[in-house]
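J.: one predicted model, sequence on top.
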Amino acid sequence: MATAVHLDGITKRFPGVIANDDVDLSVERGTVHALLGENGAGKTTLMNVLYGLYRPTEGRVVIDDEERRFESPRDAIDAGVGMIHQHFMLVDPMTVTENITLGNEPTKWGNLAVDRDAAREAVVELSDKYGFDVDPDARVEDISVGEQQRVEILKALYRGAEILILDEPTAVLTPQEVEELFEVFEELTEQGKTIIFISHKLGEAMRAADEITVLRDGRNVGTVEADDTTREDLANLMVGREVLLDIEKPPTETGETILSVSDISVDDDRGVRAVDDVSFDVSAGEVFGIAGVDGNGQSELIEALTGLRKPKRGGITFRGEDVTKRSRQHRIDSGMAYIPEDRHERGLVMDFDLVENAILGSQHNPAFESGGRIDWNATRSHAEDIIEKYDVRPPNPEAISESLSGGNQQKFIVGREFERDPALVVASHPTRGVDVGSIEFIHEQLLELRSRGVAVLLVSSKLDEVQGLSDRLGVMYEGEIIDVVDPSNTTEEELGLLMAGEHPDDDDTDVSAADVDSVATGGESQ
Amino acid sequence: MEVSPMSEENTTTLFGREFGEFSSRTTAVVAAIVALAATFAAGIAFPDSIAGTLTDILTSEGTLSSALRLSVPIALAALGGIFAEKSGVINIGLEGLLIISAFTAIYVTDITGGVWIGFVGGVVASVLLALLFAIVVIEFRADQIIAGLAVWLIALGLAPFASQVIYGRPNSPSVDTPGTIAIPVLSDIPFFGALFDASPTVYLMFAAVALSWYVLNRTTFGRWVRASGENPKALDTAGVDVSRIRYAAVLLSGVLAGMGGAALSLDLGQFTGNGPTMVNGKGFIAIVAYLFGNYNPVGAFFSTLLFAGLDAMQTVLQLQGIGLPRQLIRIIPFVMVIVVLAFVGRTRIPAAAGEHYDTGDDNR
Amino acid sequence: MSVGDRARDALARLVDASAAERILISIASLVLAIAVGTVLILVAGRMTTCAPSSAVYYFNVGFCYDPVLVFDRLFLGALGDPLRGGWSPDGQFAITMRETTLLIFTGLSVAMAFRAGIFNIGTQGQMVVGGLAAALGTLWASPFLSGVTGTLVLVPFGILVGAVFGGLYGAIPGLLKAYAEANEVITTIMLNFIATGVTLYLVSDVFKDPNSPANQTVPLPDYAQFPALLFGARQDFSLYALFFGVVTLFALYYVLEHTSFGYDVRTSGIQPEAAEYGGVDAAKTIVSSFALSGALGGVAGALYVTMVIGKFQSGVPAYGFDGITVSILAGNNPLGVGFAALLFGVLKSGTTAVQFATDVPPQLVGVLRGLIILFVAMPEFFRLIGRRLVKPTDQSKTIATDGGESNE
């Protein structure tokens, strides 16, 4: 077998950051190679170097035994390297064919027109060859995420890619779609293509790859045969220490119902139903978790509960008051804290300093405002309290939020929300993109609130997190909560199936849904 | 920004809301046609009523030919605006491009004696100003709206300044005009004959509309322009240089707006530079026209014709001595634009319009 | 916190890196615009013809226009020639102050909207509407009062009426943006045309002064106009109005920085998603910011009527558009608006001085205005030059993240 890709001593420096440090990587032709590592380990940077988006500070890129210097992706494409980014590089209002041929359109009349028939034919031919099922005339914005991914792969193949790089290809897929993708991998490698895919999920790497390279802090810490390794070994390589993600959770008494959601339906930005007839309750002193693959309606559900999106139908009762039509401000004032999933967009005003951000949401609270005037002294000492108590670094209230690391930004948000003295905390992906130390801290804080009798609604796509923290766990699939389980009596496999929309005993679906309803307001849906 | 796709040929939209918007735009068009038909019916039945006069005006060749003449600068600038904005650069400086080309065309005609040399001169001036705008926006990442505003203000000062320096007053002397070209036989057709007895710039406008539609929808360049405004990163990773496409699109908007400005002043044979100059907001109306026409060159042309038609009508109405004062008829197109923006269809602007695109590489 | 601490605190905020950079960029833009203007004057001076005796010579080449004289007149002339002795506040300086006063209000109008993330090009229209309303309101009320009482009541009343109507007219694009998602850049441009058209109709027909051929209202009685203070009345400038403007500058600064309304406005302006998260009612904030912006424009209109021309007349000068320039140059900071308004007041008033002393067409100032905006809009250009000057080998640029969530 020949070596398709050889990266030799790649170092990539950004001002103040070393993203890749002397990384070697070899991939055999016709194999699947997984690039494994935590967020920020330098996986994507390394692949961007291979794809010509970045030029390496030091080191060589060798493709098919020939050293290459890529000035731009165009050069990489010419050398047979194609990349499918995590965020798809597709033009939504254009058709599948237009997207696949973009930049390489077949032309007629001496370049005066795109030969649309030839383009369509080429796409049909290509998708037949690899057994893909895509409609060449569909608009990209109308097809599913899985199909869009296949369009991306076809786009690379159309450009003559022999080596395909996929950046976190499974992050947006359901377990079935993941399985289908891996079948595509097999089909492609059989036809001689080489695949490198980036992942931070051990199981996937072991399932789909022939060889696995683990990156940590920008360095290659080991390349192993997938068949000769164990999950534990890989986990140790990734993190560099024994992984202890067992969460100690003392039992608590649950109190009255704090949040009650009944038969709620919510549309997404495009007007498509994203949440369909969902009901559940959260009581004081319990953590109610919602698990699911990203994009199954969790975001829209949370936005409806917190007052950022109007539900189409259904009701939300918070502390005995119907808040369905009440403003976001009203919900904040009545004790609803919210850790949003996107701290850069919502959680913090990035250009504000921490003092200003400390009152985001309580700028009209009498503690900080009287007669329309904000008391900046009180605000400042509040910010200092949060910084001290939640160990935000640097401990400077005048620091501009943008200058903080992600973990510290998140700790500040968590602190601000917890210090509201809330009755309910809605935590949406509270540890996404956060370092391990901060994850543990945030978990402890959530459990601390629970023991103080606060109701917690936790949404996360990390199974170990929702499973470890939740007292009850709802699984969301295509806008519905298809089951509510006791996480301590449920295996990861069972949850995986539920997240894929497969109910273990399908006959009982109605019963469990009814269970949930009866816990709720007990009536409306019967 | 609004996210629902709304293109004319898109009748297969799936989601309720889009369908709703589509149908509301359709409703507006149908309502307009019904109202027009009713006016005609009433006008034919009662020739002496106001409806009768209106019918006379609407069906008179004079109205159509002056509407076409008024359309030329607006439609051409609108086409330019489409290319720029489709590529992701909002060119609010169209007004400035029209002003600078209107003056330069007259000036060059005056010194060379050739109308068409002057025309080319106007286009060149507009392209140079567009190039300045492109460099500022693409190279130096200036805010597109503010830079566009600057382009307008610079031209608004520069053209009368130059006229004052050269001619000693803000208005130029008169020069030759391109005249009109009448196509035999066709120009004798009642009403539509106006289409075939017009200034060459009117024919130029027809050609530009057709050509723009073709380039945008049938050529690789047009496709790249659209991709550059929707998802520049997709285009970049497909190996096409986004900056180059945006430069080309902005320069093209300079060419088209330059043709519009040159046509505006040459058809009258004079540049007037007092106050808002002879361009007097046409560049801004062009923006509204292409938004109203949903970035489709043909749609932009028809909405231009609608605005120009209203403008032409008010002149004729004036002569007929009909009730409404001139100043109020003048504002009808502006009121219409607001009503349309607020209540009828919303235009989906290109996803990446107004945003600077950075390749994200530190090496380039 | 002591007063001293507060002052130091305020000063620290004022001179933090980004503010300092902004001031530097504004000054650099001005200098660059003057440089380009100089070239323009020289080129234009070669294109036109004049008697050899009136030409100036640089490097043995004759030019009809002298840039040194032009900029001398433009700046020193506008200030009433403070260096020549015999300076009097009544001359050109009063006109400069008058222009500055009006520009403070239109500049604040634009800045207010900008801070809420709104591009209000409609200040001109709001000013026109406010001006006509102030004129009509004052004319309606003036028969009931007279003398000093009349002035004390009618002048504030006129300003109030102007503010209310300007605010209402400003609320229209606000409502359209908040509830119909209509782009405010387009609606405000349209509303400018509409305001001009409707007021022209009104003063050429319904409210026309029968004794004048011009399209204008009846003149306001003297006691309903702004009284002059220290300065002579001839230049139509009142120091009271300037005081009012300066107070408004600080008031708006206070509102934006120290009130919860200001907090809501600023949050919506820089990060609307975060504002929504923080419980800010987006629609309400848009409408109220727009209304406040319109009210400031309306006040400018009222001042134009009660201080400058003493009636409403069609063809209101483009103070509203100049307000955009002022605000952009000031980085949309209310205190910065004071300085920027002074600069543009000098430019506008200096135009007349230039016209007196030279043959250079006054439209030059319009070009300078456009150039200043253009340069202010491209900070990247100055950063590039700055980097070259400071550290030729420095290749720092923003850190490119590698696509994922790995900024950590």
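T.: Thanks, I have it.

J.: from the stretch 251-400 of chain C, which residue is nearest to chain B?
T.: In the stretch 251-400 of chain C, the residue found nearest to chain B is C:Gly366; the distance is 2.7 Å by Cβ to the nearest Cβ. To be clear about C-beta, it is placed using only N, CA and C from the backbone, and glycine gets the same treatment.

J.: what's the helix or strand for that residue?
T.: Using DSSP states H and E, C:Gly366 sits in helix C:364-376.

J.: which elements pack onto that helix?
T.: helix B:144-167, helix C:17-47, helix C:319-329, helix C:334-357 (3 or more Cβ pairs under 8 Å, 6 or more residues apart in numbering or on different chains; DSSP states H and E).

J.: now do 6 Å
T.: Other elements packing on helix C:364-376 under the criterion 3 or more Cβ pairs under 6 Å, 6 or more residues apart in numbering or on different chains; DSSP states H and E are helix B:144-167, helix C:17-47, helix C:319-329.

J.: for these, which one sits closest to A:Asp228?
T.: Ranking the helices and strands packed on helix C:364-376 by proximity to A:Asp228 (Cβ to Cβ) places helix C:17-47 first, at 54.1 Å.

J.: before we move on, the earlier item: for C:Phe344, see how far away the residue of the stretch 251-400 of chain C closest to chain B is.
T.: 12 Å (Cβ to Cβ, to the nearest Å).

J.: what lies in contact with stretch C:351-361?
T.: With Cβ atoms under 6 Å, 6 or more residues apart in numbering or on different chains as the test, stretch C:351-361 has contacts from B:161, B:164-165, C:65, C:69-70, C:73-74, C:77-78, C:92, C:362, C:365.

J.: please repeat the previous calculation with a cut-off of 8 Å.
T.: B:160-161, B:164-165, C:41, C:44, C:48, C:50, C:64-66, C:69-70, C:73-74, C:77-78, C:92, C:95, C:362, C:364-365 (Cβ atoms under 8 Å, 6 or more residues apart in numbering or on different chains).

J.: same thing with stretch A:56-74?
T.: Here stretch A:56-74 has contacts from A:2-13, A:20, A:22-23, A:49-53, A:55, A:75-76, A:79-81, A:83, A:163, B:236-239, using Cβ under 8 Å, 6+ apart.

J.: for it, could you pull out the residues that count as buried?
T.: In terms of neighbour count (16 or more other Cβ atoms under 10 Å in any protein chain shown), stretch A:56-74 has its buried residues at A:Pro56, A:Thr57, A:Gly59, A:Val61, A:Ile63, A:Asp64, A:Arg68, A:Phe70, A:Ser72, A:Pro73, A:Arg74.

J.: where does the fourth one land in three-state SS?
T.: Yep, that's A:Val61 we're talking about. A:Val61 carries the three-state label strand when classified by DSSP: H, G, I helix; E, B strand; the rest coil.

J.: next, see if the helix or strand containing B:Ser253 gets close to chain A.
T.: B:Ser253 is located in helix B:242-268, with elements delineated by DSSP H and E. No. Contact of helix B:242-268 with chain A is not found when judged by Cβ under 8 Å from any Cβ of the partner chain; the minimum separation is 10.6 Å.

J.: what's that helix packed up against?
T.: helix B:61-86, helix B:94-112, helix B:115-134, helix B:200-218, helix B:220-230, helix B:232-237, helix B:282-292.

J.: ok, and the closest non-adjacent residue to residue 339?
T.: Answering for chain A, as no chain was given. A:Ala427 (4.5 Å; Cβ to Cβ, 6 or more residues apart in numbering or on different chains).

J.: looking at chain C here, not the other one
T.: C:Ala330 (6.8 Å).

J.: also C:Pro221?
T.: C:Ser142 (5.2 Å).

J.: C:Ile118 now?
T.: Here the residue nearest C:Ile118, using Cβ to Cβ, 6+ apart, is C:Glu184, at 5.7 Å.

J.: what do you get for C:Leu176?
T.: Going by Cβ to Cβ, 6+ apart, C:Leu176 has C:Ala182 as its nearest residue, at 4.1 Å.

J.: and that neighbour, what does it touch?
T.: Counting by Cβ under 8 Å, 6+ apart, C:Ala182 has contacts B:Ile338, B:Leu341, B:Ala342, B:Arg346, C:Pro173, C:Leu176.

J.: now with 6 Å?
T.: B:Leu341, B:Ala342, C:Leu176.

J.: tell me the SS of A:Val151?
T.: A:Val151 - assigned by three-state DSSP - is helix.

J.: and what of A:Val275?
T.: strand.

J.: for the one 4 residues further on, same thing?
T.: Here A:Ser279 is recorded as strand under three-state DSSP.

J.: that one against A:Ser262, yeah?
T.: Yes. Between A:Ser279 and A:Ser262 there is a contact under Cβ atoms under 6 Å: 4.9 Å.

J.: name the nearest residue to the closest residue to chain B within the stretch 101-250 of chain A, ignoring sequence neighbours.
T.: In the stretch 101-250 of chain A, the residue that lies nearest chain B is A:Gly103 (3.2 Å; Cβ to the nearest Cβ). Leaving aside its chain neighbours, A:Gly103 sits nearest to B:Ala238 (3.2 Å; criterion: Cβ to Cβ, 6+ apart).

J.: OK, contacts around the residue nearest to C:Phe339?
T.: So C:Ala330 contacts C:Gly336, C:Val337, C:Ala340 (Cβ under 6 Å, 6+ apart).

J.: got phi/psi on the nearest residue to the first one once chain neighbours are set aside?
T.: Same thing as C:Gly336. Spatial nearest neighbour of C:Gly336, excluding adjacent residues (Cβ to Cβ, 6+ apart): C:Ala330 at 3.2 Å. Backbone geometry at C:Ala330, expressed as degrees, to the nearest 10, gives phi -80, psi 0.

J.: which residues in the stretch 251-400 of chain A form helices?
T.: A:298-306, A:328-333, A:354-357, A:376-389 (DSSP state H, counting those that start in this stretch).

J.: any chance of those helices in TSV with mean neighbour count, distance to C:Gly310 and mean pLDDT as columns?
T.: Listed next are the helices of the stretch 251-400 of chain A as TSV, based on neighbours: other Cβ atoms under 10 Å in any protein chain shown; distance: least, Cβ to Cβ, whole Å; pLDDT from 0 to 100:
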stretch	mean neighbour count	distance to C:Gly310	mean pLDDT
helix A:298-306	25	56	93
helix A:328-333	20	47	93
helix A:354-357	24	46	93
helix A:376-389	18	44	93
